[in-house]
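Asks: make a model of this:
(chains A, B, C and D)
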Protein chains: 2
Amino acid sequence: MAGQRTRRRIPEATVARLPEYLKILADQAEAGVDRISSDGLAELAGVNAAKVRKDLSYLGSYGTRGVGYEVAYLVYQIRRELGLDHDWPVVIVGAGNLGQALAGYGGFGERGFPVGGIVDLDPAKIDTVVGGQRVRHLDDLPAIVQSRQVAIGVIATPSASAQSAADHLVRAGVTSILNFAPVVLAVPPGVTVRKVDLAVELQILSYHEQRRATNGLRAVPADGARGATA
Amino acid sequence: MAGQRTRRRIPEATVARLPEYLKILADQAEAGVDRISSDGLAELAGVNAAKVRKDLSYLGSYGTRGVGYEVAYLVYQIRRELGLDHDWPVVIVGAGNLGQALAGYGGFGERGFPVGGIVDLDPAKIDTVVGGQRVRHLDDLPAIVQSRQVAIGVIATPSASAQSAADHLVRAGVTSILNFAPVVLAVPPGVTVRKVDLAVELQILSYHEQRRATNGLRAVPADGARGATA
DNA sequence: CACGCTTTGTGAAATCGTGCACGAGCGGCC
DNA sequence: GGCCGCTCGTGCACGATTTCACAAAGCGTG
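Replies: This is a model prediction of the structure:
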């Protein structure tokens, strides 16, 4: 019972799908569904049933042959594996348009990532209140990170300041960064960075549109989550 | 000169990197750099040089051996391949927190994706002005899509309305969707969907944090754009 | 004009991810 | 208690992607 250690290394592709499964399973649990088959989950997630089984098998053998998976238990196991059995406060760097929207968007806290602080450099923004948080000066970053045990930083600054923001975060002790600025960050080994770039997403869509126009009218499912026919 | 047709099918993984290269190259061009080697570009993009060469080779043989690539020409070719030689107006569905932030964020227009319209269902939001656009009723969607030749829709609604938003978009003639709602959309074949889910990104970071805590302190680069040591 | 240095473009090998097919295990029924 | 039907877990083949390694091809120099 004492925290079974992580069994094996989970492939990155699987890790990227687990949150999706988790969301669906949590919804199902709320809707009163007790059990689900790999087929059922696959349909809801828009993926192949074999993939679901293989993905879940990395967590352990938590299914029952002939029956399926117990939803609640699966939710528990995925949460545990993803480290979602406790909250992860995040600190947002940059209280501009995007930073404010992120702080104001309640979705973070609900899903286990409460905003532990917002910092900025602009004196005009400091001490204003955004999403229930008082904006503090960048210099306070180390104190915020220490006191609230923040491990995840969100960069919502203009591109030009993003690298500096990353440096500050790393120096303050943050080891995971979600970067919204369209620049490639340099960070020391041991720090994980993920990037979200809306322009990139749109440009990928543009490619598919362009291709549809140039060649015949061919269906080209995109890489991410693709929809299935209803 | 008359639009060389697309040479081959470009792998999806490559398509996802081209916008990154494009961004870097455009920055370099602006900084006055004329030529760049696969090595140089690789370093700036945080990837392997061979990968850069292979990626670019899908566009054609636009490099000069012993010299490198001409930045301006590469920019031109990537833009052409991605279909960025003209603007792609987008329509935003949902004028809530996120929709407003997206419309207000100037980055879209600058990068060739002007906001061609915003629609919502809430009478309280309709006719308010967001990011220079008057919010219109969802019923006006077909008219907006037709008149402005919109091919790309952005879903910024609550989860519960996302599927309905997608249905409206598809019916209005949109063939590419960028979905910010944390749900799997069902769309007919021929429609491309990409999903951006902040909670998923954070949960992936959480996994890596959790793993760092459980096992030794091991460096685990994430899937997306990872940073290199400075 | 030939040589050597540099950097591209690309086969081939290695790795990673996906999907199929099927044996194994479980619950329910007779 | 044994049989049947269902669904998981997984070995295997396949396809996609990454990486390596090197021949081909410019460019500058003597």
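Asks: any idea how chain A splits into domains?
Replies: Residue ranges for the structural domains of chain A, counted by automatic domain parsing, are given in the record as A:12-82, A:90-196.
Asks: can you give me the strands in chain A?
Replies: A:35-36, A:63-64, A:68-70, A:90-93, A:115-120, A:129-130, A:133-137, A:152-155, A:176-179, A:192-195 (DSSP state E).
Asks: those residues of chain A touching DNA strand C, which are they?
Replies: Chain A has residues A:11-14, A:47-48, A:50-51, A:53-54, A:64-67 near DNA strand C, with proximity defined as Cβ under 7 Å from any atom of the strand. For every residue, glycine as well, the C-beta is placed using N, CA and C.
Asks: just the buried ones from those?
Replies: A:12, A:14, A:47, A:53 (16 or more other Cβ atoms under 10 Å in any protein chain shown).
Asks: tabulate the residues you listed (TSV), appending distance to DNA strand D and pLDDT.
Replies: Formatted as TSV, these follow (distance: Cβ to the nearest atom of the strand, whole Å; pLDDT from 0 to 100):
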residue	distance to DNA strand D	pLDDT
A:12	11	97
A:14	12	98
A:47	13	97
A:53	4	98
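Asks: let's see which of those end up in helices.
Replies: Filtering those for membership in helices, criterion DSSP state H, returns A:12, A:14, A:53.
Asks: can I get the residues you listed in TSV with distance to residue A:101?
Replies: Compiled in TSV, these are given as follows (distance: Cβ to Cβ, whole Å):
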residue	distance to residue A:101
A:12	28
A:14	30
A:53	38
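Asks: please list the residues of chain A that sit near DNA strand D.
Replies: Taking Cβ under 7 Å from any atom of the strand as the contact definition, chain A meets DNA strand D at A:37-39, A:49-50, A:53-54, A:56-57, A:61-69.
Asks: OK, contacts around the residue nearest to residue A:182 when sequence neighbours are not counted?
Replies: In space, not counting the residues next to it along the chain, residue A:182 is nearest to residue A:197; the distance is 4.9 Å by Cβ to Cβ, 6 or more residues apart in numbering or on different chains. With contacts taken as Cβ atoms under 8 Å, 6 or more residues apart in numbering or on different chains, residue A:197 has the following neighbours: A:180, A:182, B:19.
Asks: isn't the last one up against residue A:195?
Replies: No: counting by Cβ atoms under 8 Å, residue B:19 does not reach residue A:195; the two are 11.4 Å apart.
Asks: ok, which stretches of chain A are helices?
Replies: Using DSSP H, the helices assigned to chain A run over residues A:12-30, A:38-45, A:49-57, A:71-82, A:97-104, A:107-110, A:141-148, A:159-172, A:198-214.
Asks: mean pLDDT for these: which is lowest?
Replies: Between these, the lowest average pLDDT goes to helix A:107-110, which shows a mean of 82.
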